[in-house]
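*Asks:* Sequence plus predicted model, see below.
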Amino acid sequence: MRLHFTSFAALVVLTIILTPLSAQIHFEGLVYQGSGEPQLDLASSVATSPDGRHVYTSSYEDNAITIFDRNVLTGNLTFSNSFREGEGGTRGLSSIYAVIVSPDGNHVYTANSGSNTIVAFSRDVATGNLTYVQTLTDNVDGVDGLQGILFLASSPDGNNIYATGPDENALAGFSRDVNTGMLEMVEVHRAGVGYLTDFSYPLSLTVSPDGKNVYAVAYDDAAVNTFTRDTETGALTYSGRMVNGTNGVSGLNGTYSVFVSPDNKNVYVAGTDDSAVAVFGRDLNTGVLSYIETQSDGTNGVDGLFG
């Protein structure tokens, strides 16, 4: 594992006020781990339900998901309960790194690097409570590509879940039953197979809001890879990459995170080793990227991006 956590176990609650002239952040409080409290030791990921009523936080150390009720007016959180390994027949919740909620709000999925698994839950939309549904384990029943799994992403239509397995340089695709929440293995893409060359230690991935593309960063290769997504089947086809130091591209050393703008026009990549954010334009038809600029810590007044 190349990723590191600090040992401060708390969830920070902020209120963010956006106006045309300012973006103000107001501190609301902390939710600490403690006896009878949320399980937040090495809290690793946070996801909000689409209806805004619940927040789910994963704990890497406690092998648990903590559920908070969210006040839709103030944003404040109230602890509801925690869901841990073994409860309700759950298996595979080892070293949870990421948690996501399906776009329809009916299911929750976790990426568990300690057990190389994806665990699926159904979600009670009224209470936010979870019920165990399924565990998919790498190299079991045809499942592949999940060694060292860290990140998950859902397609906007909710029909597919994608995951990166950095320990085997892979991206795995699954179809999702929108009624039951169960996943079925569809495909796996690996570094060195076909044209996929710069895909060593893939971390974050995201699906464009229009559902046409998947973008995944490769930490060791300082690259962001583009996949074309079949919007009917969810199948992926590799379609290109942007690599640090090639054709003027910079800021991708230690690529960790990737994000597509809501209007689908731009892709942003965080390069931790360069303390930078690389900006790309996105072709709305093909999803192909074109390099625009890099914003680097300590350059032209940019600050706060170190690491």
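*Replies:* Received, thanks.

*Asks:* And the helices in the stretch 51-200 of the chain?
*Replies:* Shown for the stretch 51-200 of the chain, no helices are assigned by DSSP state H, counting those that start in this stretch.

*Asks:* Can you pull the poorly scored residue ranges out of it?
*Replies:* Filtered on pLDDT under 70, the stretch 51-200 of the chain yields no residues whatsoever.

*Asks:* So which residues of it form strands?
*Replies:* Using DSSP state E, counting those that start in this stretch, the strands of the stretch 51-200 of the chain run over residues 54-59, 64-70, 77-84, 96-101, 107-112, 117-123, 130-137, 152-154, 160-165, 170-176, 183-190.

*Asks:* Can you add distance to Thr294 and mean neighbour count and give these back as a markdown table?
*Replies:* Placement of C-beta: from N, CA and C, glycine included. Shown next, in a markdown table, are the strands of the stretch 51-200 of the chain (distance: least, C-beta to C-beta, whole Å; neighbours: other C-beta atoms under 10 Å):
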| stretch | distance to Thr294 | mean neighbour count |
| --- | --- | --- |
| strand 54-59 | 31 | 25 |
| strand 64-70 | 36 | 22 |
| strand 77-84 | 36 | 17 |
| strand 96-101 | 26 | 23 |
| strand 107-112 | 29 | 28 |
| strand 117-123 | 34 | 24 |
| strand 130-137 | 37 | 20 |
| strand 152-154 | 24 | 22 |
| strand 160-165 | 23 | 27 |
| strand 170-176 | 25 | 24 |
| strand 183-190 | 27 | 18 |
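
*Asks:* Distance to Asn266 added to the ones you listed, as a markdown table?
*Replies:* Shown next, in a markdown table, are these (distance: least, C-beta to C-beta, whole Å):
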| stretch | distance to Asn266 |
| --- | --- |
| strand 54-59 | 27 |
| strand 64-70 | 29 |
| strand 77-84 | 31 |
| strand 96-101 | 22 |
| strand 107-112 | 26 |
| strand 117-123 | 29 |
| strand 130-137 | 33 |
| strand 152-154 | 18 |
| strand 160-165 | 20 |
| strand 170-176 | 22 |
| strand 183-190 | 24 |
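
*Asks:* With respect to Val279, which of those lies nearest?
*Replies:* strand 152-154 (20.5 Å; C-beta to C-beta).

*Asks:* quick one on the thing from earlier: so for Thr90, which of the strands of the stretch 51-200 of the chain sits nearest?
*Replies:* It's strand 130-137; of the strands of the stretch 51-200 of the chain, that one is closest to Thr90 (C-beta to C-beta) at 4.3 Å.

*Asks:* No further questions, thank you.
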